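Novice: sequence first, then the predicted structure, then my questions.
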Amino acid sequence: MNLFLTLIIFSSASNHWCFKYALPGDSNWPRLSDFVDMDGRVYMRGDDDYKPRTWNKRTLIPKPAVIIQPTTNNDIIEALKFAKKFNLRLSVQSTGHHFDNRNILDNSVHIDMSSMNQKSINLEQKTVTLGPGNNFTQIYKFVEEQSNKSLVVVSGADPGVGIYGWTVGGGHGPLSRLFGLGVDNLLSIDLILANYSLVTLSENQHPEIFRVIRGSGGSTYGIAVSLTIKLHPSPGKMSVFVGNYDLSSTTADLVSDWIVNAPNYAFTYFIPDNFGTFKAGLFAAGCFNEKDQCEILFEKLKIGCISSPDFQITCNPGYDAFANYFDYFRSAESEREGSAYLSSTALSSQNIKEGLREILDFVDSTPYTGCSGNAVLGGFSSTLDPNKSTPVNEKKYLVGLMDNFAENILKKYSNWVYWNEPEHNFPQNDWKERYWGGMDNYNKLLDIKVKLDPENLFTCYHCVGYERQFNEMPSVCPQDGCTCSNTSNGVCAVVDDIRSCVSAPVVYNKNGSVRKPLGRKKGSTNKSKK
């Protein structure tokens, strides 16, 4: 059994490649009349309804020049053609739940897929087909109603996580030890490619492309418009245990032994935190089995458990606390707008005890840090600096502190890094090897990428093909490290109102009336494509 780790940091990167996109203020930036003909909902920076959706507030919120919310496949194709025609930077986002803001870029034409949230279910075949704009709250509500609570979909622990990025990046959660990772349950995917064609990928259709999509992460090969996922029988009643522990080596040993020996019908999240004045390791476990079997597991956890009445932690198990997984999932809270820097690795059954001791020692001695260990196959995530107003210099210090820990401590236990919960900085620039298990694997993924997208239309930070044309930090531009063509020093000019860049020419409709420019009214749409 493996345990999975994640940690948090902030850094800069050098520009190894130079690629000039058209930007607001450039002479070749589209006119307002060009935007009028676009399909889908269109919001420009400066509009009242312009609201970029991001999860991690570690950095300044990236600000695309234009946000497009497609509702049909044709809307997406038109947006791709538009970006190609004017040589615009493109970014694609499903639900916006990402720790490193890979899915949104400054001054880009940003395709927001949140309105593509269609759902259908086949109860006979036990499958559900979903648009990429669905999160797990929406999915579970639908599956619960349609299957009468008899079927479940493998999901993340956070109800706000979206189905697409979570799945193609790997996807772990409470049901993974029973039914596998999210990517193991992906049966097929419909993808719009850079040449505007729509293809269906599965084990029987374009299997070589389907393979690279499963686990390579991100919209780097195309834009997904639907996924078909396997459903499983509901695991039934669920018992739970929640307790606090100190951050000692004794706790590390207790947790390690429990994780290594727990059966597949049990999962846990171990979350050690140091809030400065309060330090504790929260152990939350679930068990899908009869009470007597769960009791055997939970009784071991009472040793060393610290009751915390203020947090409703009693160290007393809740047997049959939930009648089914749906009731449990509804009780989970979605984290939103956090401030985190991640670094991840995996601990095996051979090194988990030693690794966990070092991690707890680090958290215990480092105020305002925390980790989350996911023993759903295994895992650790670490958050730091939840205070959005922390000075930049202090952020850089904390990031450096965590980078050093990730590179010198976590890396010695495993070279692997989880793509969905990554560190931003790789001091040895070895992200390709660490995400995908070596350059041979990466080059296979890159070969498919080049065939499908030779112009590198689909890009994101540390995605397959990332190094081909640009190498700036996504969430810092335009404040730092960005190549821009409209300024002499290469630093992006900040244009808060995109409409002010170029005055709108008079455009006439077929009946002779003057076509109005894009409005700023809430929920405004344009479906006047001729």
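Specialist: Yep, it's here.
Novice: CA only for contacts and neighbour counts going forward, please
Specialist: OK.
Novice: now do the buried residues in stretch 75-90.
Specialist: For stretch 75-90, the neighbour count (16 or more other C-alpha atoms under 10 Å) marks D75, I76, I77, E78, A79, L80, F82, A83, N87, L88, R89, L90 as buried.
Novice: what residue ranges in the stretch 151-300 of the chain are flagged as low confidence?
Specialist: For the stretch 151-300 of the chain, applying pLDDT under 70 flags the ranges 218.
Novice: make it 80
Specialist: Applying pLDDT under 80 to the stretch 151-300 of the chain flags the ranges 215, 217-219.
Novice: also the stretch 351-500 of the chain?
Specialist: 368-405, 421-425, 461, 466-500.
Novice: for it, which segments are assigned as strands?
Specialist: Ranges of strands within the stretch 351-500 of the chain are 369-375, 380-384, based on DSSP state E, counting those that start in this stretch.
Novice: repeat for the stretch 201-350 of the chain
Specialist: Ranges of strands within the stretch 201-350 of the chain are 223-230, 232-233, 238-245, 266-274, 279-287, 318-322, 345-348, based on DSSP E, counting those that start in this stretch.
Novice: which one of those lies closest to F99?
Specialist: strand 345-348 (15.7 Å; C-alpha to C-alpha).
Novice: touching, V199 and S188? I think so.
Specialist: No - counting by C-alpha atoms under 8 Å, V199 sits too far from S188 to count as a contact (10.3 Å).
Novice: ok, these two, which is more surrounded?
Specialist: S188 (21 against 15; other C-alpha atoms under 10 Å).
Novice: that one: which element?
Specialist: According to DSSP states H and E, S188 maps onto strand 186-192.
Novice: checking the closest residue to V42 other than its chain neighbours next. Helix, strand or coil?
Specialist: Of all residues not flanking V42 in the chain, I68 sits nearest, at 4.7 Å (C-alpha to C-alpha, 6 or more residues apart in numbering). Under the three-state scheme (DSSP: H, G, I helix; E, B strand; the rest coil), I68 adopts strand.
Novice: make 317 the first number, not 1, from now on.
Specialist: Renumbered: residue one is now 317, and that last one reads I384.
Novice: for I384, what are its contacts?
Specialist: By C-alpha atoms under 8 Å, 6 or more residues apart in numbering, the contact set of I384 is G356, R357, V358, Y359, A395, V425, H426, I427, D428.
Novice: format these as CSV; extra columns: pLDDT and distance to E670.
Specialist: As requested, the contacts of I384 are arranged in CSV below (pLDDT from 0 to 100; distance: C-alpha to C-alpha, whole Å):
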residue, pLDDT, distance to E670
G356, 72, 53
R357, 86, 53
V358, 87, 53
Y359, 88, 51
A395, 93, 51
V425, 89, 47
H426, 91, 44
I427, 93, 45
D428, 94, 43
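Novice: what bridges to H426?
Specialist: I383, S407 (DSSP bridges).
Novice: quick one, domains of the chain?
Specialist: The record's domain split for the chain, according to the TED database, is 348-428, 435-549, 554-692.
Novice: ok now the second one, how far from the chain's centre?
Specialist: A distance of 14 Å separates the centroid of the chain from that of domain 435-549, by C-alpha atoms, centre = their mean, to the nearest Å.
Novice: now swap in stretch 412-428 and tell me
Specialist: 10 Å.
Novice: can you check the distance spanned by that stretch, start to finish?
Specialist: Separation of the first and last residues of stretch 412-428 by C-alpha to C-alpha, to the nearest Å is 8 Å.
Novice: ok, stretch 522-541 next?
Specialist: Stretch 522-541 has its terminal residues 17 Å apart, counting by C-alpha to C-alpha.
Novice: ok, now stretch 415-423?
Specialist: Start-to-end span of stretch 415-423 (C-alpha to C-alpha) is 20 Å.
Novice: give the buried residues for that stretch.
Specialist: Buried residues in stretch 415-423, counted by 16+ other C-alpha under 10 Å: F415, D416, N417, R418, N419, I420, L421, D422, N423.
Novice: ok, these vs S535, which is closest?
Specialist: Lowest distance from S535 to the buried residues of stretch 415-423 (C-alpha to C-alpha) belongs to N419, with 8.4 Å.
Novice: distance check, that closest one against L467.
Specialist: N419 is 31 Å from L467, where distance means C-alpha to C-alpha.
Novice: for H488, same thing?
Specialist: 18 Å.
Novice: quick one, which of those two is more surrounded?
Specialist: Each of H488 and L467 had its neighbours counted (other C-alpha under 10 Å), and the higher figure belongs to H488 (26 against 21).
Novice: doesn't the more buried one lie inside a strand?
Specialist: No - H488: not assigned to a strand; according to three-state DSSP it is coil.
Novice: that one touches V469, doesn't it?
Specialist: No - using C-alpha under 8 Å, H488 is not in contact with V469; the gap is 12.0 Å.
Novice: can you map out the helices along the stretch 567-716 of the chain?
Specialist: 607-615, 641-647, 668-681, 708-724 (DSSP state H, counting those that start in this stretch).
Novice: same check on the stretch 717-846 of the chain?
Specialist: Assigned helices in the stretch 717-846 of the chain, in chain order: 747-752, 755-768 (criterion: DSSP H, counting those that start in this stretch).
Novice: and these, which is most packed in?
Specialist: Neighbour counts (mean count of other C-alpha atoms under 10 Å) averaged over each of those peak at helix 747-752, with a mean of 21.
Novice: what's in contact with that one?
Specialist: For helix 747-752, contacts defined as C-alpha under 8 Å, 6+ apart pick out S532, N731, W732, V733, Y734, W735, G754, M755, Y758, H778.
Novice: mind listing what Y561 touches?
Specialist: T567, A596, G597, L598, F599, G620, C621, I622.
Novice: could you dump those residues to a markdown table with neighbour count and distance to S664?
Specialist: A markdown table is the format used below for the contacts of Y561 (neighbours: other C-alpha atoms under 10 Å; distance: C-alpha to C-alpha, whole Å):
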| residue | neighbour count | distance to S664 |
| --- | --- | --- |
| T567 | 22 | 18 |
| A596 | 21 | 24 |
| G597 | 26 | 20 |
| L598 | 22 | 21 |
| F599 | 21 | 19 |
| G620 | 15 | 24 |
| C621 | 21 | 25 |
| I622 | 17 | 27 |
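Novice: and of those residues, the nearest to Q441?
Specialist: Checking those against Q441 by C-alpha to C-alpha gives F599 as the nearest, at 37.1 Å.
Novice: just give the nearest non-adjacent residue to the closest one, would you?
Specialist: F586 (4.5 Å).
Novice: also A381?
Specialist: Once flanking residues are discounted, A381 sits nearest to N423: 4.4 Å by C-alpha to C-alpha, 6+ apart.
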